[in-house]
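Undergrad: got a predicted model here, sequence first, then my questions.
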Amino acid sequence: MKKLENIRELKENPVKLISDDWALLSAGEAGKWNGMTVSWGGIGELWGKDVVFVFVRPQRYTKEFIDASDYFTLSFFDGEYKQALRICGRKSGRDCDKMQLAGLTGVFDGDAVYPAEARLVIKCKKIAVQKLDNSGFIDKDIEENYANGDYHYVYVGEIKEILQA
């Protein structure tokens, strides 16, 4: 993979990447890592930094890894990995080795982990986390996403490195 110097060099639409193609959000260390499929999030600028922001429900196993790590990655794949991303979105790493089940191999890169099969990896340093709650919802229809009251945590990561196949 080659390293891009800046996220602005990315020639792909970030909304399409996250919403349509999906991403794998990963964290952990050598021998113990987990990832989950995400289709909510974004890439932009916040606090004078290039950032990504992702949303994780409190019951997700991956949340434990993100909370324990200083870094996380967002990885994007070619279309033939859509089934692998479905597995990573539906299975819990608490119950099985879903990375093996999905056919994904971890690459441990300093403080971050990502799947070797990814075609694009955004390595991020965690700089903020905040739990959502309905007190900030102006559009009350948003509450329909939280029938169980399991409001997402929003993680903001400063983009530290972009790797592209």
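TA: Looks like it arrived, so ask away.
Undergrad: now the most centrally placed residue in the chain: how far from Thr73?
TA: Taking C-alpha atoms, centre = their mean as the criterion, Leu25 is the residue nearest the geometric centre of the chain, at 2.4 Å. Per C-beta to C-beta, to the nearest Å, Leu25 is found 7 Å from Thr73. Using the backbone N, CA and C atoms, a C-beta is placed for each residue, glycine as well.
Undergrad: Leu163 too?
TA: For Leu163 relative to Thr73 (C-beta to C-beta), the value is 9 Å.
Undergrad: so Phe77 makes contact with Gln83?
TA: No - in this structure Phe77 lies outside contact range of Gln83 using C-beta atoms under 8 Å: 10.4 Å.
Undergrad: neighbour count winner among the two?
TA: Phe77 (20 against 11; other C-beta atoms under 10 Å).
Undergrad: quick check: the more buried one vs Lys16, distance?
TA: For Phe77, the distance to Lys16 - C-beta to C-beta - is 13 Å.
Undergrad: just confirm Glu161 contacts Lys123, I think it does.
TA: Yes - Glu161 is within contact range of Lys123, at 4.1 Å (criterion: C-beta under 8 Å).
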